[in-house]
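Asker: need coordinates for the below:
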Amino acid sequence: MSATPTTDSLALERAHLSASRAALRAMREDVEALDIRDVTANWVNAAVLQTQIEARIAALADLAHTPLFFGRLDYLETAQEGQRFYIGRRHVHDADGDPMVVDWRAPVSQPFYRASRKDPMHIGLRRRFGYTGGDLTAYEDEHLTDPDEEERTSRLLQAEIERPRVGPMRDIVATIQPEQDEIVRSGLAGTVCVQGGPGTGKTAVGLHRVAYLLYAHRERLARTGTLVIGPNRSFLHYIEQVLPALGELQVRQATVDELVTAHVEVRGTDTARAAVVKGDARMAEVLRRAVRSHVTLPEEPVVVVRGSRRWRVPAYELKEIVSELLDRDIRYGAARDALPQRIAHAVLVRMEQAGEAPDDRVQDAVARNPAVKAAVKAVWPQVDPAKLVLRLLSDPDFLAAHADGVLTAEEQAAVLWAKPPRSVRSARWSAADAVLVDEAADLVSRTPSLGHVVLDEAQDLSPMQYRAVGRRCATGSATVLGDLAQGTTPWATRSWAEALAHLGKPDAAVEELTAGFRVPREVIAYASRLLPHMSPGLSEVRSVRESPGSLAVRRAGGDGNGDGEGAGYADVVAACAESLSHEGSIGLIAADARVPALTEALAAAGLPHLAPGDETTPGCRLTLVPASLAKGLEYDHVVLDDPAAIVAAEPDERTGLRRLYVALTRAVSGLTVVHCAPLPWQLAGR
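Answerer: Purely as a prediction, here's the structure:
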């Protein structure tokens, strides 16, 4: 690998960068100059076209501090006519339409990520570029077919992985590894589940897979839609700039709670026991029984009067029609819509037997006949999903009737409201209740499905939440991302096979990322001391980053039972001030209960700080992070306050250790642990 660029070659590459930026600017100006007045027939078409133009203009933005290209491929003469391609975040062409930069997602770019000396993929030279503040300052070459060139790790690649960051998550298009690229470029038809420990890049892989699928299947996904689901709003704020930086502006982002609150407003909370039962997949059967219980078999015939004729459908035939619809197990609302047409068809059969020749218009008229409508209302009444769940959680007899053999008496008691509300609007619905209402709504009428859904931090979802997400991609595919070792809810996923079954994707491929690129080896080894005690059997992450001195563990003054300095807050603040002497972002992670006191201590010391999700605020590099919100976030340096308090804040030790594992693995350059209480014994030594 050549690591010493020549002045002439560097000047040529800089010239190509300048020319590419000029070409991108020209592409943007061409779009801005479009006059839609002569090509649109009406104002609707004009509005649609204008929206598309504005989206195209935004996608062609040239971000000054984001390299336009980061690599170059020189193909051998035997492939691609020996052409040279510059690989970047988006396609750029010159005035003649010839490519100056090729989109990283294009097939011709794939060897940049996967080519090796063992399999050069027809590449003679792979060049990586280094940038400083947006200026091209260096490059490294790999001659993949030269047997005499020594193989070694790219300094520029390592520097890009380790580059300090301030603000939200950035894309990794310049550093995607071969095993990551295989997942990124997997097809749209299949669902992929990625198990990855801290620092393995699973979130980035999921986001880049969305970007790739939008490139490869843009028209289809433009019709069906894409969605990224994260654990909380702080996490979504953290990742929200990745896809726009890649030119993808139309991907919706949401939390699971936001998906299911269309029917009720969440204002209450559950006990841990109630939340576990409400999140159990068995609740789906309870709801199914409760919905179907509204159907009653008819006891009276239907008599339809048309003109001077009376047409009678006897009760036994009506029972057969209703029973057939029940046996088909189609959605309640669809069956209710079909019932008047089935009754009308029975009437038309009698008309034909009497010598008449009715058509579809007659059948529709019969279906709207008052007698038919009255029969449908009596036999198959409308069901309001929220009112149904309200009754289940308020009426012990109604719940017992439909939970018989499904939930135990103890479990039924756990989910019942102590004081039943008077109405849907006055009820203090919990997040788990909203999922139940969403399930009931789907039993009544089908939830629209998207083309692709990315589900991140999936290990913390309940089975009922998996079902809610699965409904959103029932006819599409999904990318499921998570780490079983980081499950911190009482209902955390025990196995991906079980989770994928609840999602409705039992045949999904499960891929494991075990190579860590972000968390230093010393830090991940320290955190991995917890694995045997919380997730036995899971493989430790193998970090490729050697960073001696990246871990410091300090005992603070005080016993942890008081306030201010007596609880070690002064030592924590001092550690934050010390960390601010380094480049990049700083995260202070603490048990939620200690955050208010730490806020006061930071203010007293004159150290401004942000809350999670506000990392885009300029001029401030320190973020105070409650441990409950730390999952998925990364900071160059982390100060971890009192590990024992983080463990103690959880309902059981295993969950507490998992929460601590998450907090320990948020650092990508350095971790300082400050403790006033003794460290958990699982962490203090093996």
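Asker: now do the contacts for the spatially most distant residue from the centre of the chain.
Answerer: The C-alpha centroid of the chain is most remote from residue 308, which lies 62.8 Å away (Cα atoms, centre = their mean). Contacts of residue 308 were listed using Cβ atoms under 8 Å, 6 or more residues apart in numbering, and none were found. Using the backbone N, CA and C atoms, a C-beta is placed for each residue, glycine as well.
Asker: please report how far residue 458 lies from residue 510.
Answerer: In this view, residue 458 and residue 510 are 12 Å apart by Cβ to Cβ, to the nearest Å.
Asker: and these two? Which one has more around it.
Answerer: residue 458 (30 against 15; other Cβ atoms under 10 Å).
Asker: tell me which helix or strand comes right after the longest helix along the chain.
Answerer: Ranked by number of residues, the top helix in the chain under DSSP state H is helix 7-32. Sequence order places helix 43-59 as the next helix or strand after helix 7-32, per DSSP states H and E.
Asker: next, the angle helix 7-32 makes with that following helix.
Answerer: With axes from the mean of the first three to the mean of the last three Cα atoms, to 10 degrees applied, the angle from helix 43-59 to helix 7-32 works out at 160 degrees.
Asker: in the next helix or strand after helix 43-59, what counts as buried?
Answerer: Counting by DSSP H and E, the next helix or strand C-terminal to helix 43-59 is strand 69-75. For strand 69-75, the neighbour count (16 or more other Cβ atoms under 10 Å) marks 69, 70, 71, 72, 73, 74, 75 as buried.
Asker: which elements pack onto the very next helix or strand once past strand 69-75?
Answerer: Remark: after strand 69-75, the chain's next helix or strand is strand 84-88, criterion DSSP H and E. Packed against strand 84-88, as judged by 3 or more Cβ pairs under 8 Å, 6 or more residues apart in numbering; DSSP states H and E, are the following elements: helix 7-32, strand 69-75, strand 99-103.
Asker: tell me the helices and strands packed up against the helix or strand following the last one.
Answerer: Read it as strand 99-103. Going down the chain from strand 99-103, the next helix or strand is helix 111-114, by DSSP H and E. With contacts taken as 3+ Cβ pairs under 8 Å, 6+ apart, helix 111-114 sits against strand 69-75, strand 123-132, helix 178-184.
Asker: returning to that earlier point: where does the longest helix of the chain sit relative to the chain's centre, distance-wise?
Answerer: 35 Å (Cα atoms, centre = their mean, to the nearest Å).
Asker: what's the angle between it and strand 84-88?
Answerer: Using the same axes, to 10 degrees: helix 7-32 against strand 84-88 is 60 degrees.
Asker: mind listing what's buried along helix 7-32?
Answerer: 13, 16, 17, 20, 21, 23, 24, 27, 28.
Asker: where does the nearest residue to the third one once chain neighbours are set aside sit: helix, strand or coil?
Answerer: Computed as Cβ to Cβ, 6 or more residues apart in numbering, the closest residue to residue 17 that is not its neighbour in sequence is residue 136, at 5.3 Å. Three-state secondary structure (criterion: DSSP: H, G, I helix; E, B strand; the rest coil) places residue 136 in strand.
Asker: quick one: contacts for residue 136?
Answerer: Counted by Cβ under 8 Å, 6+ apart, residue 136 has contacts 10, 13, 14, 17, 67, 129, 130.
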